[in-house]
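S.K.: everything below, folded, please.
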Amino acid sequence: MSVDRQLIRKQIRQIRRALSPEQQNLAEHQATAHMLSVLNTLGPKRVAIYLSHDGELNTNSLIAALWQQNIEVVLPRLHPFSQGNLQFYHYHRETPMVVNPYGIAEPKLDIQTLRSTDSIDVMITPLVAFDHQGNRMGMGKGFYDRTLAHRRVSAKGGKTPLAIGFAHTCQQVPSLPCEAWDIPLEMLITPEKIFDFSACVQHIE
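M.R.: Take a look at the predicted model:
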């Protein structure tokens, strides 16, 4: 991992954690409205999302809105047998949760609620930083890069499910140093703007 990437990650996380509760609440409200407008256009049936951690843009309102619209919500869980990979599980208000080694809540292992990664229409991804070209920097473990790379390889019929970032405005940087395995985002939502990095965003069928 380069020093530049470590420094960017440290600085942005500090800035994000310094946001006041009032700033967080306003950002959540504005970004959720933007995300819902995008999702209403795309028409997904199943959306992967995450539970906020470490000052990330709060996803609680967005999850509640997805439930209200009868869109299935799935959450990531660390793969129990394949280190460095994620699985996705159906999530509802009564889903039993556990805390993973990174201190993040995730669904309890239950094969009946496991959902195929390829069945996810939209993947709303957490991130630490992004730039104007759609490059994304996560926490450095590569979980989402591996997941998104797998989905692009396995996508059939020319359909590539959308990866949409969800972030505070303060997480944008002029340019990110990228590695060969980094997977850019198709779209990104902040409280102030909807970024479309794709040449053509297809409607989800």
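S.K.: next helix or strand past the lowest-mean-pLDDT helix or strand in the chain?
M.R.: Ranking every helix and strand in the chain by mean pLDDT, DSSP states H and E puts helix 143-154 at the bottom, with a mean of 66. Downstream of helix 143-154, the first helix or strand assigned by DSSP states H and E is strand 162-166.
S.K.: distance between that next one and the chain's centre?
M.R.: 6 Å (Cα atoms, centre = their mean, to the nearest Å).
S.K.: note down every partner strand of that strand and its orientation.
M.R.: strand 122-125 (parallel), strand 187-189 (parallel) (DSSP bridges).
S.K.: the longest helix belonging to the chain packs against which elements?
M.R.: Determined from DSSP state H, the single longest helix within the chain is helix 21-42. Counting contacts by 3 or more Cβ pairs under 8 Å, 6 or more residues apart in numbering; DSSP states H and E, helix 21-42 packs against helix 60-68, strand 122-125, strand 162-166, strand 187-189, strand 194-196. In this view, the C-beta of every residue, glycine as well, is placed from N, C-alpha and C.
S.K.: now the third one: average pLDDT?
M.R.: Model confidence over strand 162-166, given as mean pLDDT, is 92.
S.K.: only alpha carbons, please: show that strand as PDB.
M.R.: What follows is strand 162-166, C-alpha atoms only, in PDB (Å, rounded to 0.1, in the frame of the first residue of the first chain):
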ATOM      1  CA  LEU A 162     -24.500  -0.800 -11.200                       C
ATOM      2  CA  ALA A 163     -22.000   0.100  -8.500                       C
ATOM      3  CA  ILE A 164     -23.100   3.400  -6.800                       C
ATOM      4  CA  GLY A 165     -21.100   5.100  -4.200                       C
ATOM      5  CA  PHE A 166     -22.700   6.900  -1.300                       C
END
